[in-house]
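> could you look at this predicted model? Sequence included:
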Amino acid sequence: MKGSEKYMDKPVYTITSHRDERVFIHAMPGHYISASNHMNYYIGTSDIKHNHDVSVDAAMLLAQYYNERSIKVDTVLCLYETQALGAYLAHELSRPNMLNPNPENKVYVLGSEYDSAGNLIFRDNLKKLISSKDVVILISCITSGKTVERAVESISYYGGRVVGISSVFSAIDKVEGMEINTIFNKDDVPGYAAYTPHSCPHCAAGEKVDAIANGYGYSLL
């Protein structure tokens with residue numbers, strides 16, 4: 001971690017990628033909760049999702065994984081406001097490179113929509129971008145992998161094939177037996193830990209929750 005700033009009396013650390021120092025995330029220690037986990041750090045990925053320059057560089061890092069392995073991709077499914085990053089990733093995957101000098105396929109970018117039960121759904125006009133397609137799931141942060149697991153199930157239900165999982169930060173190495181292509185992992189955030197609600201040491205110590213966090217950001221309590 002590099003130097004820190006202060007926000008709500010907590011240090012905010014900037015963590016740069018060892019592959020490209022122009023790509024970075026932020027980490028803020030505290031007590032945070034999501035739908036299924038408690039975490040001791042909030043991982044901020046807003047710059048990669050919303051800052052054009054950082055997003056373009058991050059997409060290049062993620063694209064290397066698929067180009068080096070000659071993995072064909074038809075559609076990038078973007079979860080939690082990663083559409084801009086997904087568009088740049090699709091651009092990198094569809095343009096000629098040394099390993100794939102004459103790509104023939106177009107790569108589509110698809111956002112996420114959920115029904116009232118929280119299931120990922122695709123409208124009739126968009127099903128064609130999933131059915132019989134090779135799909136990469138793109139997400140900002142992976143903690144337990146449950147969100148990605150549900151996305152894999154939905155893609156399979158609609159007749160698609162998941163050929164890759166990409167993230168900005170991931171606390172785990174695999175989901176559904178598939179290696180996660182990630183820019184940052186928990187080793188980049190020393191001491192990072194996630195717990196089930198019943199095993200959270202912060203709760204056991206009576207520490208208040210600082211914020212509710214999900215893939216869109218956090219809300220202070």
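Perfect, thanks for sending it.
> just the helices in the protein please.
Secondary structure of the chain (DSSP state H): helices located at 46-50, 52-68, 83-94, 146-157, 201-204.
> what's the most buried one of these?
Per-stretch averages of neighbours, counted by mean count of other CB atoms under 10 Å, single out helix 83-94 among the helices of the chain, with a mean of 21. (C-beta placed from N, C-alpha, C; glycine too.)
> tabulate the CA atom coordinates of that one in CSV.
Provided in CSV are the C-alpha atoms of helix 83-94 (Å, rounded to 0.1, in the frame of the first residue of the first chain):
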residue,chain,number,x,y,z
GLN,A,83,-20.1,-1.2,-18.4
ALA,A,84,-17.4,1.4,-19.2
LEU,A,85,-14.7,-1.0,-18.2
GLY,A,86,-16.5,-3.7,-20.1
ALA,A,87,-16.6,-1.6,-23.3
TYR,A,88,-12.8,-1.0,-23.1
LEU,A,89,-12.3,-4.7,-22.5
ALA,A,90,-14.4,-5.6,-25.5
HIS,A,91,-12.4,-3.2,-27.6
GLU,A,92,-9.1,-4.8,-26.5
LEU,A,93,-10.5,-8.3,-27.2
SER,A,94,-11.8,-7.5,-30.6
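> for this structure, what helix or strand is lowest in average pLDDT?
One helix or strand of the chain scores below all others by mean pLDDT, DSSP states H and E: strand 2-7, with a mean of 57.
> quick one: pLDDT of K10?
We have a pLDDT of 76 for K10.
> before we move on, what about the one 3 residues further on?
pLDDT, Y13: 94.
> likewise the one 5 residues further on?
Turning to H18, the model gives it a pLDDT of 96.
> for M178, give the beta-bridge partners.
Taking DSSP bridges as the rule, M178 bridges to V175.
> report how many residues lie close to it.
15 (other CB atoms under 10 Å).
> doesn't V162 make contact with it?
Yes: M178 is in contact with V162 according to CB atoms under 8 Å; the separation is 7.0 Å.
> before we move on, the earlier item: now tabulate the helices of the chain in TSV and tack on distance to S116 and mean pLDDT.
Shown next, in TSV, are those (distance: least, CB to CB, whole Å; pLDDT from 0 to 100):
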stretch	distance to S116	mean pLDDT
helix 46-50	26	96
helix 52-68	31	97
helix 83-94	23	96
helix 146-157	15	95
helix 201-204	29	94
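> and D20, which of the ones you listed is closest to it?
Evaluated over the helices of the chain, closeness to D20 peaks at helix 52-68, with 5.5 Å, by CB to CB.
> quick one: that closest one to helix 83-94, angle?
If you take axes from the mean of the first three to the mean of the last three CA atoms, to 10 degrees, helix 52-68 sits at 40 degrees to helix 83-94.
> packing partners for helix 52-68?
helix 46-50, helix 83-94, strand 161-170, strand 178-185 (3 or more CB pairs under 8 Å, 6 or more residues apart in numbering; DSSP states H and E).
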